[in-house]
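Peer 1: Next input, structure requested:
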Amino acid sequence: MFSAFPSTKDGRFVGWAAFRDALAAGRRVSDRSDVPPVSVQSNQHVEFTRMGIWRLLASNNRELARSWAAYPSFESAHAHVERLQRDVGSLEITGVKGESPSQYGWLATSNGVPVITAGRWFGASSTALHSAVTSLVAFENAVVPDTVTPGRSEERRRPGAPAIESTW
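Peer 2: A predicted model of the protein is given here:
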């Protein structure tokens, strides 16, 4: 599912970026000790431009995984997903420990660069790594939509507030 945000200050985009940054800051817990720490740019100085991400959803709409990067256009996001699907066998999974004792996630990297993250935190490292493996299998076999999926922002917006477009 491809989601667009009207600005990098949009609350949903800020939430996505905060989770990504927390994964990046986490301590690596997988067997791969040679994976370098991930650095992310600070979100304090962001542009007010339209951006979008992709999310992998299960048939019950539970989020399995999401993009590491935000994309300036639907075309760039779509092309990157298709390229990752072709190269999914070369991705490396790294387990990550969050700040709390029962907070585990994962990253998938391509040539050391993060490209896919967990969709949420897990209570155990084994559960997080199992999620990574099954999510990448689902990702490889996923049908990639040719359009941006409209969000529910229309239903949740305050009366009189402007509608948020779901296109880049």
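
Peer 1: Which parts of this protein are strands?
Peer 2: Taking DSSP state E as the criterion, the chain contains strands spanning 2-5, 27-28, 51-57, 63-67, 92-97, 104-110, 113-118.

Peer 1: pLDDT score for Asp34?
Peer 2: Model confidence at Asp34, given as pLDDT, is 43.

Peer 1: so what's Thr149 scoring on pLDDT?
Peer 2: 67.

Peer 1: just to revisit the earlier point, would you list the strands of the chain in a markdown table and tack on mean neighbour count?
Peer 2: All C-beta spots, glycine's among them, are computed from the backbone N, C-alpha and C. Shown next, in a markdown table, are the strands of the chain (neighbours: other Cβ atoms under 10 Å):
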| stretch | mean neighbour count |
| --- | --- |
| strand 2-5 | 22 |
| strand 27-28 | 14 |
| strand 51-57 | 21 |
| strand 63-67 | 20 |
| strand 92-97 | 20 |
| strand 104-110 | 23 |
| strand 113-118 | 20 |
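
Peer 1: Among those strands, which comes closest to Val133?
Peer 2: Evaluated with Cβ to Cβ, those place strand 92-97 nearest to Val133, the distance being 7.0 Å.

Peer 1: average model confidence for the closest one?
Peer 2: 94.

Peer 1: how about low-confidence regions in this structure?
Peer 2: Scanning the chain for pLDDT under 70 picks out 30-48, 149-168.
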